[in-house]
Every structure is written in structure tokens, then in C-alpha cells.
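Peer 1: mind folding the following:
(one chain, ligands or ions: 5)
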Amino acid sequence: MKFLFLFLFLVALTGCEKINEIFLEEDLLQRPPAKRCADCHAEIYKAWKESRHAKAWISEHFKQESENYSKLKCLPCHAPHQVDPLEKPLLRVERRHEGVNCVACHFKEETKAMHGPYKVWSPPHPSKEDKNYTKSEICAGCHRKTYKEWKLARVQTTCQQCHMKVKDITWIMDKFPFLLFHTRKPLHDHTFPAGKATPKDLKTFLTEEGLKIVNVGIPHNLPTADQGNPKLYIIAEVYYQNGKKRVIRKILSPQSNTALRYLEPYNIKIPKYEEVEKVVLKIYRRLAWKKERELILVDELKPFKLAEK
Ligand code: HEC
Ligand code: HEC
Ligand code: HEC
Ligand code: HEC
Ligand code: HEC
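Peer 2: Ligands and ions are numbered 1, 2, ... in the order given. Take a look at the predicted model:
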């Protein structure tokens, strides 16, 4: 508390400019380890640490696929130096094990400041309000294919609105007592969750042409990937009036160019449609970095028939 009074006294005495100089923590502008940011952004650090961005370099799978980091063209997006809208990043020199880290996404060499969505007063390091942070373009340099798909979908919803939702209105710097000098602001989810499609995101129906599945909810391919190999498993059990059953399986993936495009129906032919009693449809997904499949939807569909007399 004593410190707080001293601080207030200093502000009164010298004004904000001087305070910025006194409280500037020089090392924050020298690309420190991500852990250093946790001194004042503990909540955000904890979230990021759980994210796939923090695992982008140490991922066993990435290590294998990049042949133990020997394929140089694979490295920049998994350990970027600086993130700029739409631009493919350059490879970082220091602390590659941190993957896509705080400094890469926020610190700019040109301004020697942390760029972010807000206009803030941040004595420990200069900050700059930069509205690019609220736009999909900031993700586009690395998520290149997904961004192209999103662009084609022509929706207003940004990547951040689904993958960095507002978690709380609270202090974005959480170091006591200094947080008392700041207002509460929307805190965005730095775990960057992939999310999961829900039955509402998929429209399914039976027609004479077959079973149709349409991605109506996710404004990029399902699944989507630049380099990873996520999959969608479709299992359709077709029950016929004569008691016979047939199982149709499809595996969709970005790698085989079969992923469900936004609003574009995907068709599965059903043999002997006239004799179909019902179709039980199950859809599972597997994220690129996971072993297990997860169920997205179970549905029972009946062929449309004119009312019988
Ligand atoms: C000693 C405390 C302290 C440390 C350490 C610190 N920051 Fe900050 N940071 C602040 C304060 C204070 C604010 C302003 C908070 C507010 O006004 O609500 C801030 C705001 C920010 C913002 C928001 C900028 C904007 O304009 O929207 C970003 C981004 C940021 N910091 C990144 C970092 C990164 C990255 C690190 C680690 C390299 C870091 N900070 C380390 C104190 C700190
Ligand atoms: C510097 C490159 C880079 C930038 C910029 C970037 N990402 Fe990523 N992102 C990656 C990499 C690499 C991975 C995969 C990490 C891994 O799993 O090994 C990833 C993973 C993800 C995942 C997890 C996918 C899954 O299967 O769980 C989400 C969600 C994501 N990013 C969203 C975003 C959003 C939203 C933005 C913009 C705010 C963004 N990313 C900006 C490189 C980047
Ligand atoms: C993949 C890029 C990326 C990484 C990695 C990242 N951030 Fe952010 N950060 C963003 C974006 C984008 C926003 C703005 C989101 C919005 O306004 O929609 C943001 C917002 C912020 C803010 C403002 C408060 C908020 O939640 O909007 C702070 C402070 C911040 N980040 C600090 C950090 C720190 C500290 C780390 C590391 C522990 C970090 N960020 C890692 C992209 C990133
Ligand atoms: C309307 C919400 C929404 C928007 C906007 C959106 N996504 Fe997604 N995204 C999702 C959902 C839901 C999933 C999970 C799909 C599933 O079940 O596997 C997903 C999955 C992903 C994945 C994981 C890969 C996979 O397995 O499918 C990445 C990476 C990703 N999105 C990146 C982005 C980027 C980059 C943008 C912006 C260009 C973006 N998303 C825009 C909802 C959204
Ligand atoms: C342009 C940026 C970029 C480059 C270059 C890049 N990646 Fe990635 N990588 C990503 C992004 C973004 C993701 C997140 C999920 C997705 O979209 O596939 C990712 C995810 C992955 C994943 C799945 C996540 C995991 O950890 O299991 C693997 C494996 C991977 N990349 C391997 C590679 C390999 C191998 C190369 C070189 C041939 C490479 N990457 C080059 C951006 C890039």
C-alpha cells in the first residue's frame, strides 16, 4: 500500500510522461520470454500456455513431419518473428520452443511497442492501438487456406469472434495494486479453442439423388487446415424395407480436397432409394493434433413420401 501512495504522489508531482519513463521496464522491449508477460498478464499467459499456439514448435507431430526441424520452409509459421496482417512471417531466432508466442503476435520492431486492440496507458511498456487485431487479416498470414475459405464465405463474423471470444470484462493487466489505475476491458480467450461443430451447423436431408449434408454454420471448410490433417467421418447406416442394412462410410479431409465447403451441399448416393426405410447418420471429427474421434451429430432421416391412401 505504501507503494501505491508513493505512486500517486509521483503522478501528481510529475505527470504521466515522467511516470512512463520511471516505470518503463526496458527488458519488455527486448523480446523477453512469454513467462515475463505473466508478471502483469497472468490470466492471458495461463490461457495461451494451454493453446495450440504455445505447442506449435514442440508438437511431436510437427517435429516428425518437419523431419526434426530440417525442412526449413515449415518453420516460420511455427516460430514466427513478427505477425503482420496477411503476411507470411519470418522465422524467429530466439526461443523457438515457445511456438507462436506473445511477443511475435504483439511486439512490433517498427514502433518498439505492444500493438493491441485498445487505447491504453501502460507505463511498463509502450502500447499502440491497432485495429488490425480485431480483424481476420491478423490470422491470415499463417492460416492462409482457412482465411481464403472464410473470405469466400462473405460473412461478417471474424476469426476472433469464434476462436477468441470475450471471456470476461475485467482487468487485462492483473498485477496488484497497479490494476487499480486501469479500467476493466473485454478479455479475449487466449486458449484459441478450435471449437466444435454442433448439429445446428449441419443441415442434412434425403432426396432421390441421395443423402445431402450442408455446412451452414461454419464459414470455412469443415474440417479446415493449412498443413495439418484433420478429418470428418461420415457413417450412414441405410435400413431397407426388406430388413436389409447397408453401411456407407466416407472420410473427408482438407488434404484430399473433400472437406465440406460453406453452404455447398455434399452428396452421398444411396442405392435403391425407393426401398429405403430410414437412414441413421453419424458424423465424427478428429482434430489434426488429436488421436480420438469426437461425435458431432446423430440423426435419423426418413425418405419423403407422398401420403399413402
Ligand atoms: C509490469 C507490467 C507489465 C508487463 C510485465 C507486461 N505488460 Fe502489457 N500491459 C501492461 C499495462 C499496464 C497495460 C495496459 C492495461 C490497461 O490499460 O488496461 C498493458 C497492455 C498490454 C497490451 C494491450 C495493448 C493495446 O493497445 O491493446 C498488450 C498487447 C500487452 N500489454 C502485451 C504485453 C506483452 C506481450 C508482454 C510481455 C512481453 C507484456 N505486455 C508485459 C503492463 C505490463
Ligand atoms: C504465426 C502464425 C500464426 C498466426 C498469426 C495465427 N496462428 Fe493460429 N495456429 C498457428 C499454428 C502453427 C497452429 C498449429 C499449432 C499446432 O497444433 O502445432 C495454430 C493453431 C490454431 C488453432 C487451433 C486449431 C486446432 O486444431 O485446435 C486455432 C483455433 C487458431 N490457430 C486460431 C488462430 C486465430 C483466431 C488467429 C488470429 C487471431 C491465429 N490463429 C493466428 C499459427 C498461427
Ligand atoms: C496468435 C496471436 C496472439 C498470441 C500468440 C497472443 N495474442 Fe494477445 N491478442 C491477440 C489478438 C488478435 C487480440 C485482440 C482480440 C480482439 O480484440 O478481438 C489480443 C489481445 C490481447 C490483449 C488485450 C486484452 C484482450 O484480451 O483483448 C492483451 C493484453 C494481450 N493480447 C496480451 C497477450 C499476451 C501476454 C500473450 C502471451 C501470453 C498473448 N497476448 C498472445 C493475438 C495474440
Ligand atoms: C462462426 C464461427 C467461426 C468463424 C468465423 C471461424 N471459425 Fe474456425 N472453426 C469454427 C468451428 C465451430 C470449428 C470446429 C469445427 C469442428 O467441429 O471440427 C472451427 C475450426 C477451426 C480450426 C481447426 C481445424 C479443424 O479441425 O477444422 C481452425 C484452425 C480454424 N477454425 C481457424 C479459423 C480462422 C483462421 C478463421 C478466420 C479466417 C476462422 N476459423 C473463422 C468456427 C468458426
Ligand atoms: C503458412 C504458415 C505455415 C507453414 C509454412 C507451415 N505450417 Fe504447419 N500449420 C500452420 C497452421 C496455421 C496450422 C494450424 C492448423 C491447420 O490449419 O492445419 C498448422 C498445423 C500443422 C500441423 C498440425 C498440428 C500438430 O501439431 O499436429 C502439422 C503436423 C504441421 N502444421 C506441419 C507442418 C509442416 C510439416 C510444414 C512444412 C511442410 C508446415 N507445417 C508449414 C501453418 C503453417
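Peer 1: can you tell me the residue of the protein closest to ligand 1?
Peer 2: Closest contact between the chain and ligand 1, by Cβ to the nearest ligand atom, is at G116 (2.4 Å). Glycine gets a C-beta too; all of them are placed from N, C-alpha and C.
Peer 1: how about the residues of the chain by ligand 1?
Peer 2: By Cβ under 6 Å from any ligand atom, the residues of the chain that approach ligand 1 are 25, 28, 32, 36-37, 39-41, 102-103, 106, 114, 116-118, 120-122, 124-125, 127-129, 172-173, 175, 182, 185.
Peer 1: okay but the residue of the chain closest to ligand 1 is in contact with P126, surely?
Peer 2: No: G116 is beyond contact range of P126, at 11.2 Å (criterion: Cβ atoms under 8 Å).
Peer 1: neighbour count for the two, which is higher?
Peer 2: Of the pair G116 and P126, G116 is the one with more neighbours under other Cβ atoms under 10 Å, namely 19 against 15.
Peer 1: now the helices for the stretch 1-150 of the chain?
Peer 2: 2-23, 34-37, 42-50, 60-65, 102-106, 137-140, 144-153 (DSSP state H, counting those that start in this stretch).
Peer 1: in a markdown table: these, plus mean pLDDT and mean neighbour count.
Peer 2: As requested, the helices of the stretch 1-150 of the chain are exported to a markdown table (pLDDT from 0 to 100; neighbours: other Cβ atoms under 10 Å):
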| stretch | mean pLDDT | mean neighbour count |
| --- | --- | --- |
| helix 2-23 | 67 | 11 |
| helix 34-37 | 98 | 17 |
| helix 42-50 | 98 | 17 |
| helix 60-65 | 96 | 13 |
| helix 102-106 | 98 | 22 |
| helix 137-140 | 98 | 20 |
| helix 144-153 | 97 | 17 |
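Peer 1: so which of those is nearest ligand 5?
Peer 2: helix 60-65 (3.4 Å).
Peer 1: centre of the chain to that closest one, how far?
Peer 2: Offset of helix 60-65 from its chain centre (Cα atoms, centre = their mean, to the nearest Å): 20 Å.
Peer 1: the one helix or strand V280 maps to - contacts with which helices or strands?
Peer 2: Per DSSP states H and E: V280 is located in strand 276-286. For strand 276-286, the elements it packs on are strand 202-207, strand 210-215, strand 231-240, strand 294-301, judged by 3 or more Cβ pairs under 8 Å, 6 or more residues apart in numbering; DSSP states H and E.
Peer 1: so can I have JSON lines of these showing mean neighbour count and mean pLDDT?
Peer 2: As requested, these are exported to JSON lines (neighbours: other Cβ atoms under 10 Å; pLDDT from 0 to 100):
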{"stretch": "strand 202-207", "mean neighbour count": "17", "mean pLDDT": "94"}
{"stretch": "strand 210-215", "mean neighbour count": "20", "mean pLDDT": "96"}
{"stretch": "strand 231-240", "mean neighbour count": "19", "mean pLDDT": "97"}
{"stretch": "strand 294-301", "mean neighbour count": "14", "mean pLDDT": "96"}
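Peer 1: thank you, goodbye.
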